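1. Any chance you could fold what I've pasted below:
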Amino acid sequence: MHTKPTARPLTTTGQGLVHVDAIQAASVKLWRLRPLARWFGLIATAVGLLMGLLAPLAQAQNYPLKPIRFIVPFTAGSVTDIVARTVSDAMGRSMGQPIVIDNRPGAGGTIGASQVAHSEPDGYTILIHSSGHALNPSIYPNLPYDTVKDLLGVTPLAALPNVMVVSPARGWKSVADVVAAAKAHPGQMNYASAGMGSATHMNAEKFKLQAGIDAVHVPFKGTPEALSDVIGGRNDWFFAPMSTALSLIKEGKLQALAVSTAQRSPTLPQVPTTVEAGVPGSDYVLWVGLLVPSATPSAVVKRLHAEALKAMAQSDVQERLKVVGAEPMPMTPEAFTAFIKTEMESAAKIAKAAGLKAS
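-> This next block holds a predicted model:
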């Protein structure tokens with residue numbers, strides 16, 4: 001509590017007499033100004049907070065100001081990596097900043113996803129993931145991030161068919177041959193995937209359930225390694241992304257038995273779907289999408305969404321993706337985020353039925 005100063009008589013200094021009342025009068029004025037000073041302090045604090053809130057908005061409007069990094073949670077040469085590199089070239093040119101691909105494979109894509117989920121939400125660290133992203137919460141009970149709360153979908157970049165491939169040395173000519181062999185030797189056949197929880201794993205599990213067969217899962221860090229083992233005869237079959245398997249199929253190193261989508265692929269029109277091959281309900285679509293930390297400014301999300309769609313609309317990008325069987329799958333950020341939640345529900349049912357859990 002402040003006490004109002006009172007007037008006092010003259011006092012003497014080295015310069016002569018000074019009237020204390022004048023000094024006291026000035027101090028009274030300062031005392032009365034204290035509330036106003038406090039208001040100015042509050043206003044200054046509020047302005048500081050407002051500037052702090054507006055700073056990210058200003059940065060978003062000028063975005064991007066430096067190179068952008070695409071985190072790909074699979075190995076180089078995987079389908080996710082191919083789509084990321086194809087789209088990043090076009091996006092980088094349009095946005096005026098280079099986009100660097102950073103492969104962080106392992107644990108079904110959860111290592112790379114965790115890195116992005118906990119990164120600065122400024123639009124400079126972006127996740128390019130596959131549909132395996134929706135399965136991981138069901139098989140990894142202790143994920144270091146929340147799939148829904150920590151990551152926001154921007155847009156799918158492409159939908160791609162997987163193709164069931166085997167070594168020609170096996171002598172299998174159809175899906176029926178594989179199913180028959182699996183039923184004749186339950187639990188003795190094995191199949192490859194690009195990692196626990198990856199889209200290639202999910203595809204195989206759905207096929208197994210619908211075909212009613214038992215086989216052993218052999219996960220790899222990425223698609224190239226899985227393909228190598230199938231070619232070498234160490235794994236019996238693999239639902240490989242068409243983008244990486246196509247050249248090997250044409251060279252005769254792999255035998256294509258079926259595609260995973262509901263319709264045949266224009267890239268391999270002679271190859272039936274798994275449904276046509278006698279396994280109802282086994283169709284599966286592999287998607288690749290762009291995601292960011294959930295706290296990323298909306299202006300940055302909108303810019304990334306617009307630039308991704310612009311890149312996917314370019315004829316050279318479409319031609320490069322068409323070669324690997326990729327098709328456009330544009331969605332708004334809101335629609336993509338809702339789609340991921342639906343995919344998670346579907347994946348959870350299959351994971352539960354198959355008893356999928358990461359060790």
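2. Neighbours of residue 170, how many?
-> As a burial measure, residue 170 scores 15 neighbours (other C-beta atoms under 10 Å). Backbone N, C-alpha and C define where each C-beta goes, glycine included.
3. again, but for residue 316
-> Residues near residue 316, counting by other C-beta under 10 Å, number 11.
4. Quick check: chain neighbours aside, which residue is closest to it?
-> Take residue 316 and drop its neighbours on the chain: the residue closest to it by C-beta to C-beta, 6 or more residues apart in numbering is residue 90, 7.5 Å away.
5. Now do the same contact list for that neighbour.
-> Residues near residue 90 by C-beta atoms under 8 Å, 6 or more residues apart in numbering: 310-311, 314, 316-317.
6. Check residue 113 too.
-> By C-beta under 8 Å, 6+ apart, the neighbours of residue 113 are 71, 73, 127, 129, 133, 136, 145, 147, 151, 291.
7. Those residues in helices, which ones?
-> Under the assignment DSSP state H, those contribute residue 136 to helices.
8. all helices for the stretch 51-200 of the chain, in order.
-> 79-95, 110-117, 136-139, 175-184, 199-211 (DSSP state H, counting those that start in this stretch).
9. Could you dump those helices into TSV with mean pLDDT and distance to residue 336 added?
-> Formatted as TSV, the helices of the stretch 51-200 of the chain follow (pLDDT from 0 to 100; distance: least, C-beta to C-beta, whole Å):
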stretch	mean pLDDT	distance to residue 336
helix 79-95	95	15
helix 110-117	97	15
helix 136-139	91	17
helix 175-184	97	32
helix 199-211	92	16
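10. Pipe the ones you listed into CSV and attach distance to residue 156 per row.
-> Converted to CSV, the helices of the stretch 51-200 of the chain look like this (distance: least, C-beta to C-beta, whole Å):
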stretch, distance to residue 156
helix 79-95, 10
helix 110-117, 16
helix 136-139, 17
helix 175-184, 28
helix 199-211, 12
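11. With adjacent residues omitted, what lies nearest to residue 294?
-> Residue 294's closest residue in space is residue 152 (C-beta to C-beta, 6+ apart), at 4.6 Å.
12. these two touch, right, the one you found and residue 300?
-> No - Residue 152 sits out of contact with residue 300 when judged by C-beta atoms under 8 Å, with a separation of 10.5 Å.
13. tell me, what's touching the two both at once?
-> Common neighbours of residue 152 and residue 300 are listed as residue 292 (criterion: C-beta under 8 Å, 6+ apart).
14. So what sits opposite the residue nearest to residue 294 in the bridge?
-> residue 292 (DSSP bridges).
15. show me the contacts for it.
-> So residue 152 contacts 291-294, 296, 301, 333, 337 (C-beta under 8 Å, 6+ apart).
16. now it: how far from residue 212?
-> 39 Å (C-beta to C-beta, to the nearest Å).
17. now swap in residue 61 and tell me
-> 56 Å.
18. show me where the stretch 51-200 of the chain has strands.
-> Using DSSP state E, counting those that start in this stretch, the strands of the stretch 51-200 of the chain run over 68-72, 99-103, 125-130, 151-160, 162-166, 190-193.
19. For the third one, the averaged confidence score.
-> If I follow you right, that is strand 125-130. Strand 125-130 shows a mean pLDDT of 96.
20. Could you tell me which strands sit next to it in the sheet, and their orientation?
-> Looking at strand 125-130 with DSSP bridges, its partner strands are strand 68-72 (parallel), strand 286-293 (antiparallel).
21. Residue 143 is in contact with residue 111, isn't it?
-> No - the criterion here is C-beta under 8 Å, and residue 143 misses it with residue 111 at 10.8 Å.
22. who has more neighbours, the two?
-> residue 143 (18 against 15).
23. mind listing what that one touches?
-> So residue 143 contacts 110, 114, 136-137 (C-beta under 8 Å, 6+ apart).
24. Of all pairs in those residues, which one is the farthest apart?
-> Farthest pair in these (C-beta to C-beta) is 114 and 137. Separation: 12.5 Å.
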